[in-house]
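[1] my questions concern the predicted model and sequence given below.
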Amino acid sequence: MSKKGILIAVEGMDGSGKSTQAKLLYHWLRAKGLPVFHTEWNSSKIVKEATKIGKNTRRLLPITFHMIHAADFADRWAQQIEPVLEIGGIVICDRYKYTAMARDGSRDVPREVIEDTYSFAREPDLTLYFDVPVDVSFDRIAKGRPKLKFYEAGMDMGWTSDPFESYRIFQGKVSEIYSGLVEEGRIIRLDAQGTVAEVQSRVRGTFDEHIDLSSVQVIDQSDRLAQNLSESGIDWLTYSGGEGQ
Amino acid sequence: MSHAGKLIVIEGPDHVGRTLHSRLLSARLKANGIATHTIGLARSELMGAIVKSRTADIHQLNWRTRSLLYATDLHDQIKHEAEPLLAAGFVVIADRYSLTPRIREQVRGGDGDWIDSLYSDTPEPDALIVLHAGPRRLLDRIMFGEELEALNHFEAGMDLALSTSITSSFLQYQKILRQEFQEAGKKAGAVLIPTRHTVQDVHDRIWESVSPVVEHMLQPIGEN
């Protein structure tokens, strides 16, 4: 079976800057006139309702958390990711199955269970892991917030009674699992420290190193989609106006 | 996993008599001094209300998502109800467990092995009963029951495009389901019981296959 399309995933802790970078990557590829689609790990309506009940009643357990998130992902896979890949497009996934490995794994769901549940989701062509020290991402998320949510902080695991301490423990475990995935060669570590532009330049460099775009069909320039792709009608490839170019 | 209680699973299509017989079995066990608890599809506190109120939406989803939602529903009941009660020595009756959600998707092209993997960590049934009935019998029960129920699009397998007629589709779909249930049931070591007989007869056959499992727990009612 020949593998169709190009699948890119970004992973990392909350506050690692990966979503900003994923969107920039998306806009860059669009500006090149490539058929690219961007998708985030957002919950569908049904799952949102169920998780709300589960969170309010604190009924969610690691295994049900795992299943319900997988339901969400499967929905996104079937509706968005798989169809775009099937027609040879590029998909950028903001969070992929490795998020489940990191988060559910931190909640002691066995790795084999997670792998089985997500076995339909193929290994991406490139997975960028936005690596920042736990302290940095912790500060970005936790600083200035009066409190953290029960499940967000991993309080359901009963590691400690202090939510901020619990969150730090949780993120520490998440980070450890991501590091393991880097060692297994399944995700590629990218230094996410620095300015947005610095990190984006690393993103593009890594992308170019790993991804061969020759098989991707450039959108027919006579099609009105080509105009949609470049949005404002400005050809960013040759654009030299504006400030500081 | 060993526990003091027993897990009795009753599977089969809609209108075959599963719920009725789960209730009768539960009543008989209770009369014999055994605490029972019934679980089943779309009954969890986490998902039950949502699955019931959003059935049509759920039928629109792809089979993987649907399987995962039903798996979440069952796991919630297993973790919060079945496992603790089994440990305490209850007989837990599952009015559908992991077989129905698998077969329903398998006939729609879903990957049965993958669906099974979602239930890999669940307690094994101590007795597995598959109730079955001919498609026409099921259809009659729906159409000529106490109140006429509208045939459900999904239950009639209309999404499989077997026929433009809902009754004909129902008959063809239930025939396929019945074959799958019998095959899967045999493979899983289930007792297959047709429900074409009287309620009493069917109950007796169910009791026959359940009583060896619970024999040591029975407290005789005695005579007055």
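    Sure, I can see it. Computed from a predicted structure; not experimentally measured.

[2] give me the pLDDT for A:E231.
    pLDDT recorded at A:E231 is 56.

[3] now the one 4 residues further on
    At A:D235, the predicted lDDT confidence score is 59.

[4] same check on the one 10 residues further on?
    Looking at A:Q245, its pLDDT stands at 35.

[5] buried ones in the longest helix along chain A?
    Taking DSSP state H as the criterion, chain A has its longest helix at helix A:163-183. For helix A:163-183, the neighbour count (16 or more other Cβ atoms under 10 Å in any protein chain shown) marks A:163, A:166-171, A:173-175, A:177-178, A:181-182 as buried. No exception for glycine: its C-beta is placed from N, CA and C like everyone else's.

[6] okay if I get those residues as JSON lines plus pLDDT?
    JSON lines is the format used below for the buried residues of helix A:163-183 (pLDDT from 0 to 100):
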{"residue": "A:P163", "pLDDT": "94"}
{"residue": "A:S166", "pLDDT": "96"}
{"residue": "A:Y167", "pLDDT": "94"}
{"residue": "A:R168", "pLDDT": "94"}
{"residue": "A:I169", "pLDDT": "96"}
{"residue": "A:F170", "pLDDT": "96"}
{"residue": "A:Q171", "pLDDT": "94"}
{"residue": "A:K173", "pLDDT": "97"}
{"residue": "A:V174", "pLDDT": "96"}
{"residue": "A:S175", "pLDDT": "96"}
{"residue": "A:I177", "pLDDT": "98"}
{"residue": "A:Y178", "pLDDT": "98"}
{"residue": "A:L181", "pLDDT": "98"}
{"residue": "A:V182", "pLDDT": "98"}
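
[7] of those, closest to B:I50?
    A:F170 (27.2 Å; Cβ to Cβ).

[8] that closest one and A:Y151 touch, don't they?
    No. Between A:F170 and A:Y151 there is no contact under Cβ atoms under 8 Å: 9.8 Å.

[9] what sits up against the longest helix of chain A?
    Contact with helix A:163-183 is made by A:11-13, A:98, A:101-103, A:105-106, A:129, A:131, A:134, A:137-138, A:141-142, A:147-148, A:150, A:152-155, A:157, A:159-160, A:187-189, as judged by Cβ atoms under 8 Å, 6 or more residues apart in numbering or on different chains.

[10] these also near chain B: which ones?
    The subset of the contacts of helix A:163-183 within reach of chain B, by Cβ under 8 Å from any Cβ of the partner chain, is empty.

[11] next one: stretch A:56-65 to chain centre, how far?
    Average the C-alpha atoms of stretch A:56-65, do the same for its chain, and the two points are 23 Å apart (Cα atoms, centre = their mean, to the nearest Å).

[12] alpha carbons only: can I get it in PDB?
    Coordinates of the C-alpha atoms in stretch A:56-65 are reproduced here as PDB (Å, rounded to 0.1, in the frame of the first residue of the first chain):
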ATOM      1  CA  ASN A  56     -17.900  18.100  37.400                       C
ATOM      2  CA  THR A  57     -18.700  14.900  39.100                       C
ATOM      3  CA  ARG A  58     -15.000  13.900  39.200                       C
ATOM      4  CA  ARG A  59     -16.100  10.600  37.700                       C
ATOM      5  CA  LEU A  60     -13.500  10.400  35.000                       C
ATOM      6  CA  LEU A  61     -10.800   7.800  35.600                       C
ATOM      7  CA  PRO A  62      -7.600   7.300  33.600                       C
ATOM      8  CA  ILE A  63      -9.200   4.600  31.400                       C
ATOM      9  CA  THR A  64     -12.400   6.500  30.600                       C
ATOM     10  CA  PHE A  65     -10.400   9.700  30.100                       C
END
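
[13] buried stuff in it?
    A:R59, A:L60, A:L61, A:P62, A:I63, A:T64, A:F65.

[14] ok, the fifth one - contacts?
    Meaning A:I63. With Cβ under 8 Å, 6+ apart, A:I63 has these contacts: A:V109, A:V113, B:H75, B:K79, B:D121.

[15] would you list every one of the strands in chain B?
    B:6-11, B:36-40, B:91-95, B:127-132, B:191-194 (DSSP state E).

[16] tell me how many other residues crowd residue 11.
    In the absence of a named chain, this looks at chain A. 28 (other Cβ atoms under 10 Å in any protein chain shown).

[17] if you could check chain B rather than the one you did, that'd help
    27.

[18] returning to that earlier point: restricted to buried residues, select the contacts of A:I63 in ChimeraX.
    Of those, the buried ones go into a single ChimeraX selection, burial set by 16+ other Cβ under 10 Å:
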select /A:109,113 /B:75,79
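
[19] closest one of the contacts of A:I63 to A:T51?
    B:H75 (14.2 Å).

[20] got the contact list for the closest one?
    So B:H75 contacts A:L61, A:I63, A:T64, A:M67, B:T122 (Cβ under 8 Å, 6+ apart).

[21] repeat that for B:A184.
    So, once contact is read as Cβ under 8 Å, 6+ apart, B:A184 ends up touching B:L99, B:R102, B:I103, B:V130, B:A190.

[22] nearest to B:T167, of those?
    Of the contacts of B:A184, the one sitting nearest to B:T167 (Cβ to Cβ) turns out to be B:I103, at 21.5 Å.

[23] for chain B, what are the nearby residues on chain A?
    A:45-47, A:49-50, A:53-54, A:57, A:59-61, A:63-64, A:67-68, A:70-72, A:74-75, A:77-79, A:113, A:116-117, A:119-120.

[24] tell me which element the closest residue to A:Y26 other than its chain neighbours falls in.
    With sequence-adjacent residues excluded and distances taken as Cβ to Cβ, 6 or more residues apart in numbering or on different chains, A:Y26 is closest to A:H38, at 4.3 Å. A:H38 is part of strand A:36-40, with elements assigned from DSSP states H and E.

[25] who's in contact with that strand?
    Contacts of strand A:36-40 (Cβ under 8 Å, 6+ apart): A:19, A:22-23, A:26, A:29-30, A:76, A:80-81, A:84, A:89-95.

[26] and it, how far from the chain's centre?
    With Cα atoms, centre = their mean as the basis, the mean position of strand A:36-40 lies at 10 Å from the chain mean.

[27] show me which residues of the helix or strand just after that strand are buried.
    Counting by DSSP H and E, the next helix or strand C-terminal to strand A:36-40 is helix A:45-56. Within helix A:45-56, the residues that qualify as buried by neighbour count (16+ other Cβ under 10 Å) are A:I46, A:V47, A:E49, A:A50, A:T51, A:I53, A:G54, A:K55.

[28] give me the buried positions along the helix or strand bottoming out on mean pLDDT in chain B.
    Every helix and strand in chain B was compared by mean pLDDT, DSSP states H and E; the lowest is helix B:55-60, with a mean of 88. The neighbour-count check on helix B:55-60 (16+ other Cβ under 10 Å) flags B:I58 as buried.

[29] list the helices and strands that helix packs on?
    Other helices and strands packing on helix B:55-60, by 3 or more Cβ pairs under 8 Å, 6 or more residues apart in numbering or on different chains; DSSP states H and E, are helix A:45-56, helix B:63-77.

[30] run the chain-centre distance for it.
    19 Å.

[31] residue contacts, the spatially closest residue to A:T20 that is not a sequence neighbour?
    Sequence neighbours aside, A:V196 is the residue nearest to A:T20 in space, at 6.2 Å (criterion: Cβ to Cβ, 6+ apart). When contacts are counted by Cβ under 8 Å, 6+ apart, A:V196 touches A:G17, A:T20, A:Q21, A:L24.
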